[in-house]
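S.K.: sequence first, then the predicted structure:
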Amino acid sequence: MTNDLAGGNLSSSARAVNSNQFPIARMFDLFGVLDESGNIITLEGEIFSRTAADPAMLAGQPFAESVFWQSTAANSRLIENALRDTPIGGRKRLVIDFRIAADETAPFELRILAFSDAGQRKQFLVAGCEIEQQLPDSTEVVAELLNAADAGEIGLLFWNHKENGRAYANRFCNSLCEMPSNEELRVEILLEKIHPDDRSQVSASLSAAIASGRNFEEEFRFVYSDGTVEWICAQGKSFLARDGKPAKTLAVLRKTTEAKNAADELERIYEREKRARDEAETANRAKDFFLAFVSHELRSPLNAILGWSKILLTREVNEETRRKALETIEKSAQVQAKLINDLVDSARVASGKLRLEYRPVNIVEIVRSSFEALRPTAEAAGLKYEFHSELSQKQILGDSGRLQQVFGNLISNAVKFTPSGGTVNVTVREDGDFIEISVTDTGQGIEPALLPNIFRQFAQGHPENERRSGGLGLGLSIVNILVGKHGGSVSAFSDGHGRGSCFTVRLPATGVESVPVNKISTPANNVGRLDGIKILIVEDDPDSREVLQLFLEQNGASANAVDSVRQALAVLKGNGPVKYDLIISDLAMPEEDGYSLIKKIRSNDENDIASIPAIALSAFTTQESRSRALEAGFQRYLTKPFEPEAIVREILALLQNKDKFNQ
């Protein structure tokens, strides 16, 4: 075996080189591939016809310990040292005694070449002949090696520095550089193919290896004439002449685009999974903290309600204390109602069931209404409370109730977080195609670190917020969603703690001035009387039934209350039935529910019964429950706990339209 064979890295395709695929294996008495530990992967050759050894049985055994070298212990050590000391790209030549039979040995020339496979693992190519035999012609050997490299899509490059930089390459290397296989490849052409961003690094690494006679390895991009890019890995070694000048450089080139893309994709997948896992863990921690505060925020007003109720029931108190107790109970109940409403809205958002009813509304009047509703609270807190609007009215398409919820929340927060003597200012102005509503206060402000997450659900459930303000931290997230469903945006600004804040809502001005606007009036306690109106209440809960009946009677109505559908039907169908003007019914009742009641009423043969207007009053707050009730035959749907003024307004509005209903 000659020096033409030695020098250069081969790939794992060398495993496939055997006597059936390539003639090269038949040119040697011994030919094979070893793994990085020197164990035999494959081994064959003419020598096996003269020995008792079976090459198939040698796979996996240490090459240095095979029976061929057992004539002396020095042979095994010589091979072990050669395998250990030969780096990738390096080669060794050994002359040792080959044991043909128990009493027969022959001088043997063994060549070892170290290379790396596609997985960057070190392997060895071994080939040998008896010395008295004629070694194969070097030209034929090189040709076969180049064919093997072509078959394995490995580019081989031999650069002779003493021949004016002349390079010898196999066909695959030429194809990598987009050159015909019969043309000579110059290194300058190869370097020109390298991506401009990679070229200087590769050139510097190659120059350093040539000057020092060292190994080199670089991964870079080839840019082809059609603009496509291919990742290439180049490994090799340079050699110096005896005078210390560069002599030659051997290199192996292979495509690594698929492997690199796969590795990059795995890295991207890992990063995405890691981000998702981190976000999920953060969300779970926030929700855990949030749930703990749900209990806290619901129990706090409940404690006040139970405490004052106990005092009123067990002690004699003066009028001032009694009034304070009732006011505290009412305030605590309102707090609980708001918390529950926020939870319900949050659940609707999470399930995608938050529904809005869009119609032309006067946005100026909605904002003013929300502002005036909180005026008593602001003035009681000693605040300077101001409203300014450039417009007397402006109609947009929106859900009146949800918009009131948005501005009520923002203005309520401003009042809550502003100390006595501070200012809360609400302004409405037109800005191009948008209506801009700003709620500004001089209150406690917002820390800059909290601003990016101020509208995120559960964000206020983190410990750093200290829950100084009360509430569940859902209000602003719901505001953000409701404004978004109106095609608008909401933003928050603050210079920091103690420096106030400003929340700005921008809603699209849709230009519906020609459509009549449903005016929204400022809330008032005197909403009307129910004098002479006969109402049948159907409610299974005795406390709810009693308080509703008491309230209606105090507003002038004549109210009769029953606790079941059966009793309600008996009252309506009994002898000499009372002619009721209205029915108010719960939905969820034992034995038979409110849906069944209204269906039986609407299907009654007597028109006086079948046409009685009806209001559903239920603790169910879902859109599905509302739709089901209206489809069953109710004309209005109210939720518990009911607002006294709201229920009076609904009764009066419904009875005003009674004739239209009966048509």
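M.R.: Here it is on my side, so go on.

S.K.: SS state for residue 334?
M.R.: helix (DSSP: H, G, I helix; E, B strand; the rest coil).

S.K.: can you tell me the helix or strand for the residue positioned nearest the centre of the chain?
M.R.: The chain has residue 276 as the residue nearest its centroid, 5.2 Å off, counting by CA atoms, centre = their mean. Using DSSP states H and E, residue 276 sits in helix 257-314.

S.K.: the strands in the stretch 401-550 of the chain, which residues?
M.R.: Ranges of strands in the stretch 401-550 of the chain, per DSSP state E, counting those that start in this stretch, are 423-431, 434-441, 489-493, 501-508, 534-538.

S.K.: could you dump those into TSV with mean neighbour count and mean pLDDT added?
M.R.: No exception for glycine: its C-beta is placed from N, CA and C like everyone else's. Below are the strands of the stretch 401-550 of the chain laid out as TSV (neighbours: other CB atoms under 10 Å; pLDDT from 0 to 100):
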stretch	mean neighbour count	mean pLDDT
strand 423-431	18	94
strand 434-441	22	95
strand 489-493	16	93
strand 501-508	21	95
strand 534-538	21	94
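
S.K.: and residue 364, which of the ones you listed is closest to it?
M.R.: Each of these has some distance to residue 364 by CB to CB; the shortest is strand 423-431, at 5.5 Å.

S.K.: quick check: next helix or strand after the helix or strand harbouring residue 96?
M.R.: Taking DSSP H and E as the criterion, residue 96 maps to strand 91-101. Using DSSP H and E, the helix or strand that follows strand 91-101 in sequence is strand 104-116.

S.K.: what's the average pLDDT for that following strand?
M.R.: Average pLDDT, strand 104-116: 83.

S.K.: ok, it: who's next to it in the sheet?
M.R.: When pairs are called by DSSP bridges, strand 104-116 turns out to pair with strand 91-101 (antiparallel), strand 122-130 (antiparallel).

S.K.: and that strand, C-alpha only, in PDB?
M.R.: Output in PDB follows, covering the C-alpha atoms of strand 104-116 (Å, rounded to 0.1, in the frame of the first residue of the first chain):
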ATOM      1  CA  GLU A 104       3.700 -20.100  10.300                       C
ATOM      2  CA  THR A 105       4.100 -16.300  10.200                       C
ATOM      3  CA  ALA A 106       4.800 -13.800   7.500                       C
ATOM      4  CA  PRO A 107       6.000 -10.200   7.300                       C
ATOM      5  CA  PHE A 108       3.000  -7.900   6.900                       C
ATOM      6  CA  GLU A 109       2.600  -4.200   6.000                       C
ATOM      7  CA  LEU A 110      -0.400  -2.700   7.800                       C
ATOM      8  CA  ARG A 111      -1.800   0.800   7.000                       C
ATOM      9  CA  ILE A 112      -4.100   2.600   9.400                       C
ATOM     10  CA  LEU A 113      -6.200   5.700   8.500                       C
ATOM     11  CA  ALA A 114      -8.300   7.600  11.000                       C
ATOM     12  CA  PHE A 115     -11.500   9.300   9.900                       C
ATOM     13  CA  SER A 116     -14.800  10.500  11.300                       C
END
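
S.K.: in that strand, which residues are buried?
M.R.: 105, 106, 108, 109, 110, 111, 112, 113, 114, 115, 116 (16 or more other CB atoms under 10 Å).

S.K.: dump the residues you listed into CSV; add distance to residue 498 as well.
M.R.: Compiled in CSV, those are given as follows (distance: CB to CB, whole Å):
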residue, distance to residue 498
105, 96
106, 97
108, 91
109, 89
110, 85
111, 83
112, 78
113, 76
114, 72
115, 71
116, 65
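
S.K.: closest one of these to residue 414?
M.R.: Nearest member of the buried residues of strand 104-116 to residue 414, counting by CB to CB, is residue 116, at 69.3 Å.

S.K.: distance of that closest one from residue 62?
M.R.: For residue 116, the distance to residue 62 equals 20 Å [CB to CB, to the nearest Å].

S.K.: now name the helix or strand holding the residue lying closest to residue 312 once chain neighbours are set aside.
M.R.: Nearest-residue entry for residue 312: residue 325, 5.5 Å, with adjacent residues in sequence omitted and distances by CB to CB, 6 or more residues apart in numbering. Per DSSP H and E, residue 325 falls inside helix 319-351.

S.K.: what is that helix packed up against?
M.R.: Packing partners of helix 319-351 (3 or more CB pairs under 8 Å, 6 or more residues apart in numbering; DSSP states H and E): helix 257-314, helix 475-485.

S.K.: which ones are touching the residue nearest to residue 312?
M.R.: If a contact means CB atoms under 8 Å, 6 or more residues apart in numbering, then residue 325 has 308, 311, 312, 317 as its contacts.

S.K.: run the last query once more with 10 Å
M.R.: Applying CB atoms under 10 Å, 6 or more residues apart in numbering to residue 325 gives the contacts 304, 305, 307, 308, 309, 311, 312, 317.

S.K.: what distance do you get for it to residue 632?
M.R.: Residue 325 is 41 Å from residue 632, by CB to CB.

S.K.: ok, residue 535 next?
M.R.: 19 Å.

S.K.: residue 323 too?
M.R.: Taking CB to CB, one finds residue 323 at 42 Å from residue 632.

S.K.: higher neighbour count, the two?
M.R.: When residue 323 and residue 632 are compared on other CB atoms under 10 Å, the one with more neighbours turns out to be residue 632, at 19 against 11.

S.K.: go ahead and confirm that one touches residue 596.
M.R.: Yes. Judged on CB atoms under 10 Å, residue 632 makes contact with residue 596 at a distance of 8.6 Å.
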